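In: this one's structure only:
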């Protein structure tokens, strides 16, 4: 692009920005001294914004034009570096997560964030089965999270069942709903599938909101029982039958937090382990083949119906586990916790991490959820920083942080090829 | 005549309002290479897909080794010993060559995939060289070899090939057709080949069918069809056949 073209391009961008900002920024209505509306004009700010757009567009075109394209068959330098770092990073992250409660300076607040991050890692890994491996774009994953949470809350409330009995039940119920969602959408792909799953997520939330007799509607369910340590409750009283009393230690509220931390840690590891195991088996490979090419799968005699339904069911099951955990940790749930934004965040974690990559999802969850907490001081600017960061990641690494697929079987050293070299993944 | 391995009896099929096949009948004997030629849109691929169960025939009957398979789901038909190399090859681009081959075996046989893989390598040594490479990084010819090798992994009785010469250089087409001939001669595998490349296909096949607008208009031994003037005019193109 010549300088003249670049300037023209930037001017067009600025003109578009002007068109937008005239109404959005330039004119503002305020309540005047007499109580009526008065129109305030803010042309200075409009000029400033248009100037920023002009300069930014100019910078993008000139910088992008200068960057030469370098063809190469190996993964890009970034990918290779990440790959190398990833080999060390995964065990390192695991070790840190394992000893986190024992690290000095880690208090209740940090552990709570840790639990939150691990919950999202687990949700990310669960959704990764559906979206990353089987390639079925699911925008309503939060529905299974909600089903898990409400399963536990209601079973505990009405039947007095304990967390450890309800945990598998919540998973089974969520898996059942996963299959139920799977049936009508078997023939849908991509955008159409996304719309239906999105609707499913909303339906579940609206039902929870309006079925007041069962779910207590918007008031939610409170007093959800906390999990016990193999039958020993965590109690500040420190009596004979409590956790602290049994082990003869000083009762402390942090015992329960540490226990919850290890519960979700174990649940997340279970999700990861199951996924990694399945990937090496015919079912997992069939999921990946399904993501690559559905027609070819048919031609090879793969039963598309069962392949899709198992992906939905397993993904939903882990969502249900995470939901039951969420309910017991919060001791209170309401439909408000299961809005579309949750689905979007979980999907963003999977996409940013690199579809199908386990360690990528973990890093993305850590960055997104941890970052969200770290930037709490920025108040309303937080979403802006957040959105900006996502755009930057997607521009620099369009296939996610770890955009390579490790072969499920390999001879000797596993070879990886950059994701940008092979066909675009379709939803 | 010995009983046919594949028998298509007055089958009509189509998509929505479009009638793509009109009372098509053909049969493939065990050990034969049969080719189906025809112009674009004649219904060749639809016929192959109908044999595989999708779309389902509106009328007529399809039987495989004497058993009626009309209207059965695709995966059930494939389980009866049919394998397909689909149009446009459709290998899995992000999976390695080895994983692609394994996908061909996994859904259909419980046997160890080793011997079948060796057979695929013997037929296409190139696949062995590329074993750990991603499917998407192979050349077009190699991808076609992979698609055929993948289909062979399930030890089929009947191999369906949909336009294996599509978009390939003449030399590569010759390689692939030679491999099909060898496979048929050495293992007695029955092949139904759909082709636009009528010249090469009719030279390879024992028998051929010509499909025009969803109807079979001619049939006969491959060489005999090749000699017919109307075939030469319509499919071998005056001057550039």
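Out: That came in fine, so what should we check first? Remember, predicted model here, so these are calculated numbers, not experimental data.

In: ok, now which ones touch residue A:305?
Out: For residue A:305, the contacting residues are residue A:186, by C-beta atoms under 8 Å, 6 or more residues apart in numbering or on different chains. Every C-beta, even on glycine, is put in place using the N, C-alpha and C of the backbone.

In: Can you list the buried residues in the helix or strand containing it?
Out: Per DSSP states H and E, residue A:305 falls inside helix A:304-330. Neighbour-count burial for helix A:304-330, counted by 16 or more other C-beta atoms under 10 Å in any protein chain shown, picks out A:304, A:307-329.

In: Tell me how far that helix lies from the chain's centre.
Out: The chain centre lies 14 Å from the centre of helix A:304-330; the measure is C-alpha atoms, centre = their mean, to the nearest Å.

In: Show the average pLDDT along it.
Out: Mean pLDDT, computed over helix A:304-330, is 96.

In: Next, count neighbours for whichever residue of chain B sits closest to chain A.
Out: Residue of chain B nearest chain A, by C-beta to the nearest C-beta: residue B:78 (2.8 Å). Using other C-beta atoms under 10 Å in any protein chain shown, residue B:78 has 25 neighbouring residues.

In: Likewise for residue B:27?
Out: 18.

In: So it versus residue B:192, what's the distance?
Out: 10 Å (C-beta to C-beta, to the nearest Å).

In: And for residue A:260?
Out: For residue A:260, the distance to residue B:192 - C-beta to C-beta - is 62 Å.

In: could you say what helices and strands the helix or strand of chain B with the lowest mean pLDDT packs with?
Out: Ranked by mean pLDDT, DSSP states H and E, the weakest helix or strand in chain B is helix B:229-235, scoring a mean of 84. With contacts taken as 3 or more C-beta pairs under 8 Å, 6 or more residues apart in numbering or on different chains; DSSP states H and E, helix B:229-235 sits against helix B:198-204.

In: Can you name the secondary structure element that comes next after the helix it packs on?
Out: In N-to-C order, the element after helix B:198-204 by DSSP H and E is strand B:207-212.

In: Can you tell me, leaving aside adjacent residues, what's nearest to the residue of the stretch 101-250 of chain A found nearest chain B?
Out: Nearest residue of the stretch 101-250 of chain A to chain B, counting by C-beta to the nearest C-beta: residue A:135, 10.4 Å away. Nearest residue to residue A:135 in three dimensions, chain neighbours excluded: residue A:291, at 2.8 Å (C-beta to C-beta, 6 or more residues apart in numbering or on different chains).

In: ok, residue A:190 to residue A:197 distance?
Out: In terms of C-beta to C-beta, residue A:190 sits 11 Å off from residue A:197.

In: shared neighbours of these two, anything?
Out: residue A:137.

In: Which one's more surrounded, those two?
Out: residue A:197 (24 against 12).

In: my read: that one touches residue A:131, true?
Out: No. Using C-beta atoms under 8 Å, residue A:197 is not in contact with residue A:131; the gap is 10.0 Å.

In: Overlap of the contact sets of the two?
Out: In contact with both residue A:197 and residue A:131: A:137-138, using C-beta under 8 Å, 6+ apart.

In: For the residue of chain B closest to chain A, give me the backbone phi and psi.
Out: With angles defined as degrees, to the nearest 10, residue B:78 sits at phi -60, psi -30.

In: Count residues in the vicinity of residue B:33, would you?
Out: 25.

In: Please tell me how far it sits from residue B:189.
Out: Counting by C-beta to C-beta, the gap from residue B:33 to residue B:189 is 9 Å.

In: go on, residue A:272?
Out: 43 Å.

In: What of residue B:79?
Out: Taking C-beta to C-beta, one finds residue B:79 at 17 Å from residue B:189.

In: Counting neighbours, go ahead and name the busier of these two.
Out: The residue with more neighbours, out of residue B:79 and residue B:189, is residue B:189; 20 against 16, by other C-beta under 10 Å.

In: Verify the stated contact: that one with residue B:156.
Out: Yes. With contact defined as C-beta under 8 Å, residue B:189 reaches residue B:156; the gap is 7.3 Å.

In: OK, contacts around the residue nearest to the spatial centre of chain B?
Out: In chain B, the centroid-proximal residue (C-alpha atoms, centre = their mean) is residue B:161; its distance is 1.6 Å. Contact partners of residue B:161, counting by C-beta under 8 Å, 6+ apart, are B:84-85, B:148, B:180, B:191-194.

In: Could you name the helices and strands sitting against the longest helix along chain B?
Out: When chain B is parsed with DSSP state H, its longest helix is helix B:170-187. Other elements packing on helix B:170-187 under the criterion 3+ C-beta pairs under 8 Å, 6+ apart are strand B:33-38, helix B:114-123, helix B:140-152, strand B:190-195, helix B:198-204.

In: Next, the residue lying closest to residue A:327 once chain neighbours are set aside: phi, psi?
Out: Among residues not flanking residue A:327 along the chain, residue A:149 sits closest, at 4.1 Å (C-beta to C-beta, 6+ apart). Main-chain dihedrals, residue A:149, degrees, to the nearest 10: phi -60, psi -50.

In: Quick check, residue A:149 in contact with residue A:326.
Out: Yes. At 5.2 Å, residue A:149 counts as touching residue A:326 under the criterion of C-beta under 8 Å.

In: if I look at the two, which residues touch both of them?
Out: In the contact map built from C-beta under 8 Å, 6+ apart, the residues linked to both residue A:149 and residue A:326 are A:333, A:337.

In: circling back: wait, isn't the residue of chain B closest to chain A in contact with residue A:304?
Out: No. With contact defined as C-beta under 8 Å, residue B:78 does not reach residue A:304; the gap is 11.6 Å.

In: Alright, I will stop here.
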